[in-house]
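[1] curious how this folds, go ahead:
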Amino acid sequence: MKKQFVRDLRPGDRALSFFLVRHKQLEPFRDRTRGEFLTLVLADRTGDILARVWEDGPAVAETFEQGQVVKVLGEVEEYLGRWQLIVQKIRPAKPEEYDLADMLPATERDVGEMLATVRAAMEEIENPHLRALVAYFFEDEEFVARFSRAPAARRIHHAYLGGLLEHTVEVVTLCRALLEVYPQIHRDLLLTGALLHDVGKVAEFEYETDITYSDEGRLLGHIVMSDRLVSDGIATLPDFPAELALRLRHMILSHHGRYEWGSPRRPKTLEAVALHHVENLDAQVNRFHRILASRREPEKPWTEYDTLLRRYLYAGREEELAIEEGPAE
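    Prediction:
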């Protein structure tokens, strides 16, 4: 049984545990005469850590594959603001030595409660065409099972089992609050877009032993896949208004907001721009929260350097935010 998790590792710790090999790459030493060393990203359900094998990198790389679980002995150190595990021994793990549930992260929220939120949002939709379209998906038991287990991403946000459902529920919740401030937004369209904008992610990823892209996910991407699934759903519903279909599909195709963020279209309607900003807000808050929770020592206010965000994140000093209770006046 796994005893050490990534979230528990600190500089100076000696690690002896099982990890999933999320990435594997040979890199040359600066002194080319020394050959190559092995760089790994090792992960479990609590996070991931960079790892290095300095000795016999090419030979060690031949002993296991990316996506495989390995047993590792090494020591954690800090280098240029980032923690890394210096591997001393590594070998493929035997299936009976570890629990696969320890390797893949999963949502901490109750799946049943989140599905209840989805169904409640569906019941709030008054337009019969939009409500029937949402029911086409969320009254399909096979789809709901896949939607409940799928991650929302491989790395960036909600990148864990159940992450797609969690992200969708949070977007729906934020959209409800937004509608209280901006009643001019078409309520039924926004809620439908919130529920369906990422449905293509049920097929974008494979996640049996690791979270990876499917062939379709890599070649097409979830935005195109979501638009196709929604279009297929609309085609099953007689007399679905063409204007309603057009506006909903635009929301899906533009929800990433910018071309450089992979969006085929930029938002051009009130509902589309609202969905984009709500969806992006939820993704960024989740991303920051998980980095702040897993990539810093408890007594330090700063995280290690994040290469994707290209910055350190500041968690602050909790004791300075505490409110001292004085005598009642």
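
[2] how many neighbours does Tyr127 have?
    One correction, residue 127 is Asn, not Tyr. Asn127: 17 surrounding residues under other CB atoms under 10 Å. For the C-beta atoms, the positions are set from N, CA and C on the backbone; glycine is no exception.

[3] same check, this time on the one 5 residues further on
    Residues lying near Ala132 (other CB under 10 Å) number 17.

[4] tell me the domain ranges of the chain?
    6-102, 111-288 (automatic domain parsing).

[5] got the contact list for the spatially most central residue of the chain?
    Taking CA atoms, centre = their mean, the centroid of the chain lies closest to Ala159, which sits 2.1 Å from it. With contact taken as CB atoms under 8 Å, 6 or more residues apart in numbering, Ala159 is in contact with Pro105, Pro151, Ala152, Ala153, Ile211.

[6] the fourth one touches Leu161, doesn't it?
    If I follow you right, that is Ala153. No: the criterion here is CB atoms under 8 Å, and Ala153 misses it with Leu161 at 12.0 Å.

[7] list the contacts for His256?
    Ile223, Gly262, Ser263, His276, Asn280.

[8] the first one and His250 touch, don't they?
    So that's Ile223. No: taking contacts as CB under 8 Å, Ile223 lies outside contact range of His250: 11.7 Å.

[9] and the residue lying closest to Ser263 once chain neighbours are set aside, helix, strand or coil?
    Nearest residue to Ser263, sequence neighbours excluded (CB to CB, 6 or more residues apart in numbering): His256, at 3.6 Å. Secondary structure assignment for His256 (DSSP: H, G, I helix; E, B strand; the rest coil): coil.

[10] okay, the residue nearest to the centre of the chain: pLDDT?
    Ala159 carries a pLDDT score of 91 in this model.

[11] hang on, it in a strand?
    No: assigned with three-state DSSP, Ala159 falls outside any strand and is coil.

[12] what's the following helix or strand after the host helix or strand of Arg176?
    Using DSSP states H and E, Arg176 maps to helix 163-181. Next helix or strand after helix 163-181 toward the C-terminus (DSSP H and E): helix 187-196.

[13] counting contacts, what elements does that next one pack onto?
    Packing partners of helix 187-196 (3 or more CB pairs under 8 Å, 6 or more residues apart in numbering; DSSP states H and E): helix 111-124, helix 128-138, helix 163-181, helix 242-254, helix 270-294.
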